[in-house]
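Peer 1: Please work out how this folds:
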Amino acid sequence: MGRVSQAAAGLAVGISMYMAGIPTGHAAGAMALGACAAYGYAFDFPSADAARAAAHAKCAGAGCKVVVTLKRSCAAFAIDGRRPCGPNGFASALQLGEAENVALQSCYKYGGKDCVIRAFACDVKG
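Peer 2: Residues are numbered from 1 along each chain as shown. This next block holds a predicted model:
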């Protein structure tokens, strides 16, 4: 598995839980990814360090590391829907749609055949 593949595999599922609405808080968010479906995310934290620590702590799996810090931006994660531990990609951008597009392109670039967005997060207050 390539660097992007290993890192992005871990973000699956969880970030989409953000769908509760626009955060009302402080300044930072982060995503941590690990091997094969391990992920953690955080948003609405008072500092980037706090967000990174929280995202890393929520990542329950092998090789977890923070790959994206968010500040007034969004991140998205895409996996091959038929091979969740296979090709995948992640990206961050100012707009969620752009992050999703780049994450999908990355997944296909690394060999995905049925890539889908599995997770996303935004920190709009940063």
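Peer 1: Enumerate the positions of the lengthiest helix in the chain that are buried.
Peer 2: The helix spanning the most residues in the chain, taking DSSP state H as the definition, is helix 96-109. Residues of helix 96-109 classed as buried: Leu96, Ala99, Glu100, Asn101, Val102, Ala103, Leu104, Ser106, Cys107 (neighbour count, 16 or more other Cβ atoms under 10 Å). C-betas here are computed from N, CA, C, even on glycine.
Peer 1: ok, so of these, who is nearest Cys85?
Peer 2: Ranked by distance to Cys85 (Cβ to Cβ), these are led by Cys107 at 12.8 Å.
Peer 1: And the pLDDT for the nearest residue to Ser106 once chain neighbours are set aside?
Peer 2: In this structure, Ser106 finds its nearest non-sequential neighbour in Gly89, 2.5 Å apart by Cβ to Cβ, 6 or more residues apart in numbering. Model confidence at Gly89, given as pLDDT, is 88.
Peer 1: how about the buried residues of helix 96-109 in JSON lines, adding pLDDT and distance to Ala119?
Peer 2: Putting the buried residues of helix 96-109 into JSON lines (pLDDT from 0 to 100; distance: Cβ to Cβ, whole Å) gives the following:
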{"residue": "Leu96", "pLDDT": "92", "distance to Ala119": "12"}
{"residue": "Ala99", "pLDDT": "94", "distance to Ala119": "11"}
{"residue": "Glu100", "pLDDT": "95", "distance to Ala119": "10"}
{"residue": "Asn101", "pLDDT": "97", "distance to Ala119": "15"}
{"residue": "Val102", "pLDDT": "96", "distance to Ala119": "14"}
{"residue": "Ala103", "pLDDT": "92", "distance to Ala119": "9"}
{"residue": "Leu104", "pLDDT": "95", "distance to Ala119": "12"}
{"residue": "Ser106", "pLDDT": "95", "distance to Ala119": "14"}
{"residue": "Cys107", "pLDDT": "92", "distance to Ala119": "12"}
